[in-house]
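Engineer: Sequence isn't available, so here's the structure alone:
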């Protein structure tokens, strides 16, 4: 069990009831997207634990992470269970112009054991991907002001065809599902959990492009 506490202004009751909801934030516009706590809780719960905020009568806040303690470490199975691909460390890149989204995705994927590089825009990502075809998957925002996800995909695959089928488009719009063409790309809809990320990475990496 781990507890973190401070003596700051505390948490308002209305925020205490909603702070783990995806996209709920008390920060000003442009300062955060409200995904950090929801993804953190999902990761903890995927490991059988609990993440909670505790009420405090005076100033400040207390957060507690509780994880189960096993008597002994179970032996790894010789093969993955049917329907669940074996987890392997992947080399991933996250592309998004929103720093909060980049940070949340990067931290969540790194917590799952993957090597993650974060890039803050489509044009910068294009320069990286055209020089380096070794990323297993590209998590790419759909709407970016300098170069959108669909345009980035077309530009990158024209110069580096190995990236066909390696894109995962991140969006909150259901109509963006059409961005996943027949060559095996996928769409990740917001909000999402750590478990969804884990299975999506395993499934996409296991499928032929």
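Structural biologist: Looks like it arrived, so ask away. Computed from a predicted structure; not experimentally measured.

Engineer: And the residue nearest to residue 141 when sequence neighbours are not counted, its phi and psi?
Structural biologist: Closest residue to residue 141 apart from its sequence neighbours, by CB to CB, 6 or more residues apart in numbering: residue 96 at 4.0 Å. Where C-beta positions appear, they are placed from N, C-alpha and C, glycine not excepted. Backbone torsions for residue 96, taken as degrees, to the nearest 10, come to phi -160, psi 140.

Engineer: And for the residue positioned nearest the centre of the chain, nearest residue in space, chain neighbours not counted?
Structural biologist: Centre of the chain computed as the mean C-alpha position; nearest residue by CA atoms, centre = their mean is residue 105, 3.0 Å away. Using CB to CB, 6+ apart and skipping residues adjacent in sequence, the residue nearest residue 105 is residue 94, 4.7 Å away.

Engineer: To which secondary structure element type does the residue nearest to residue 193 when sequence neighbours are not counted belong?
Structural biologist: Nearest non-adjacent residue to residue 193, counting by CB to CB, 6+ apart: residue 42, 3.7 Å away. Of the three states, residue 42 takes helix under DSSP: H, G, I helix; E, B strand; the rest coil.

Engineer: beta partners for the residue nearest to residue 105?
Structural biologist: residue 118, residue 139 (DSSP bridges).

Engineer: Now do the contacts for it.
Structural biologist: Contacts for residue 94 (CB atoms under 8 Å, 6 or more residues apart in numbering) come out as 102, 105, 106, 109, 116, 117, 118, 119, 139.

Engineer: Would you state the helices of this structure in chain order?
Structural biologist: In the chain, helices defined by DSSP state H lie at 13-16, 36-46, 99-111, 122-131, 149-159, 194-206, listed in chain order.

Engineer: what does the first one contact?
Structural biologist: Residues lying outside helix 13-16 but in contact with it, judged by CB under 8 Å, 6+ apart, are 24, 26, 53, 55.

Engineer: Give me the domain ranges for this structure.
Structural biologist: 2-66, 91-206 (automatic domain parsing).

Engineer: circling back: just the buried subset of the contacts of helix 13-16, please.
Structural biologist: 24, 53 (16 or more other CB atoms under 10 Å).

Engineer: Considering the contacts of helix 13-16, which is situated nearest to residue 186?
Structural biologist: When the contacts of helix 13-16 are compared for distance to residue 186 (CB to CB), residue 24 wins out at 26.1 Å.

Engineer: my guess is residue 143 contacts residue 152, does it?
Structural biologist: No - the criterion here is CB atoms under 8 Å, and residue 143 misses it with residue 152 at 11.3 Å.

Engineer: neighbour count winner among the two?
Structural biologist: Remark: of residue 143 and residue 152, residue 152 carries more neighbours, 26 against 16, as counted by other CB atoms under 10 Å.

Engineer: Distance-wise, check that one relative to residue 135.
Structural biologist: Using CB to CB, to the nearest Å, residue 152 is found at 13 Å from residue 135.

Engineer: OK, contacts around the residue nearest to residue 193?
Structural biologist: Residue 42 sits next to 108, 193, 194, 195 when contact means CB under 8 Å, 6+ apart.

Engineer: Out of the residues you listed, who's the most crowded?
Structural biologist: Neighbour count (other CB under 10 Å) singles out residue 108 as the most crowded of these, with 24 neighbours.
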